[in-house]
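J.: here is my input, please return the structure:
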Amino acid sequence: MATHNPEKLKGKLVEHAKDFPLFKLMGVELVDFGPRWSTTRIAHRQELCNPNGVIHGGVVAFLMDQGITQAMLMTDEYQREVREGGGFMTTIDLRVRYLRPLTGGTMTCEAKIPHLGRRVIHAEAVIKNDDGKEIALAESIVTLVAGKKKA
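T.: Numbers count the residues shown, from 1 in each chain. This is a model prediction of the structure:
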């Protein structure tokens, strides 16, 4: 396994996120992240709401899923299997429990990876509003799929 410079890698990931079309569309802000954890945020905007002015549940699920992905990007396992090995990572289960609506302000997602196996990853995420109240909780199973190793 090739070693990577964590600060250089983090810089590249931050730059990539700035121009990533889906992040721009959804308004994702990378607050901070590292191996096995991340904090990301989306501000309430009318175009992300359902007709009654509440952030759509799909936006909440998206923020949790991308937060979990962000928590994986600096892990050695991701670097080895996906970036260096030509594989990919995919969510195979995402269970979201919605606790209260978000009608204004921002929602902040804190994601972590409590178990990172060779192929199966168990992840958790919580979204809070500006007052620190929980908006939603999620548990996820993600898998790393090996690719053809580069010569």
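
J.: which residues sit against stretch 99-111?
T.: With Cβ atoms under 8 Å, 6 or more residues apart in numbering as the test, stretch 99-111 has contacts from 31, 37-44, 53-55, 60, 63-64, 67-68, 70-71, 123-130, 133-137. (C-beta placed from N, C-alpha, C; glycine too.)

J.: please apply the same query to stretch 121-137.
T.: With Cβ under 8 Å, 6+ apart, stretch 121-137 has contacts from 60, 63-64, 67-68, 71-72, 96-102, 105-115, 138-144.

J.: going through the residues you listed, which ones are buried?
T.: Buried members of those, counted by 16 or more other Cβ atoms under 10 Å: 60, 63-64, 67-68, 71-72, 96, 101-102, 107-113, 138-140, 142, 144.

J.: hang on, the earlier thing: so which of the contacts of stretch 121-137 sit within helices?
T.: Among the contacts of stretch 121-137, DSSP state H puts V60, L63, M64, G67, I68, A71, M72 in helices.

J.: could those go into JSON lines alongside pLDDT and distance to K8?
T.: Below are these laid out as JSON lines (pLDDT from 0 to 100; distance: Cβ to Cβ, whole Å):
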{"residue": "V60", "pLDDT": "98", "distance to K8": "32"}
{"residue": "L63", "pLDDT": "98", "distance to K8": "27"}
{"residue": "M64", "pLDDT": "98", "distance to K8": "28"}
{"residue": "G67", "pLDDT": "97", "distance to K8": "22"}
{"residue": "I68", "pLDDT": "97", "distance to K8": "23"}
{"residue": "A71", "pLDDT": "95", "distance to K8": "19"}
{"residue": "M72", "pLDDT": "94", "distance to K8": "18"}
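
J.: and the two most separated of the residues you listed?
T.: Spanning the widest gap among these are V60 and M72, at 19.6 Å by Cβ to Cβ.

J.: measure stretch 45-56 end to end?
T.: From its first residue to its last, stretch 45-56 covers 10 Å (Cα to Cα, to the nearest Å).

J.: got it, and stretch 34-50?
T.: From its first residue to its last, stretch 34-50 covers 33 Å (Cα to Cα).
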